[in-house]
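# What follows is a predicted protein model with its sequence.
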Amino acid sequence: MDNSEFTTDPMAFMKNLMDNMAMPFAGMAALTLDEEALNKQIDDMKTVENWMRMNLSMLQTSIQALEIQKNTLSTMKSTSDEFSNMGKNTTSAEDETQPAQDTKKTPSGRSVKSSAKKSTSATSRR
């Protein structure tokens, strides 16, 4: 371009200036004065933005699902531990409170359990 064109068309001067600077803006877009190119770049970047938002949303949903899974496992484990401890405490408490039982055989051959207290009280009645 010659200098006469710059004096008659100020946009040509600006375009030439911008073309010479032509450094990428944010690593993706070069400075331009072409409105169609700008609209295309804007549309492309909006498409990328929407794609990134969708991926972010999916990532957040995955994180939430994993946190729910972790909390569920933790709750199940603590509940299981409580039931295990309750069962151990109940068994040991029953062993301490119940008297020793004797096993006797009936004439028919069946085993019958009777507590030591009952057998002593039955013996004392005779």
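Ah, there it is.
# quick one: average confidence on the helix or strand Met58 falls within?
Per DSSP states H and E, Met58 falls inside helix 35-97. Mean per-residue pLDDT for helix 35-97: 88.
# give me the number of residues near Ala12?
By other CB atoms under 10 Å, 14 other residues sit near Ala12. C-beta here means a position set from N, CA and C on the backbone, and glycine is covered the same way.
# In contact with Ala65, which residues?
Ala65 makes no contacts at all, as judged by CB atoms under 8 Å, 6 or more residues apart in numbering.
# measure it to Asn71 for me?
11 Å (CB to CB, to the nearest Å).
# go on, Gly87?
25 Å.
# got it, and Asp34?
Counting by CB to CB, the gap from Asp34 to Asn71 is 54 Å.
# And for Leu38?
49 Å.
# Same check on Leu33?
56 Å.
# of those two, who's got more company?
Leu33 (14 against 10).
# Backbone dihedrals for that one, please?
Backbone geometry at Leu33, expressed as degrees, to the nearest 10, gives phi -110, psi 0.
# what number of residues lie near Thr8?
Neighbour tally, Thr8, other CB under 10 Å: 8.
# Revised request: answer the last question for Leu31.
13.
# just Leu66 next, same as before
Around Leu66 there are 10 residues (other CB under 10 Å).
# can you check Gln41 too?
For Gln41, using other CB under 10 Å, the count is 16.
# could we number from 481 for the rest of this?
Yes, from this point I'll number from 481; that puts the last item at Gln521.
# From Ser537, how far off is it?
On the measure of CB to CB, Gln521 and Ser537 end up 25 Å apart.
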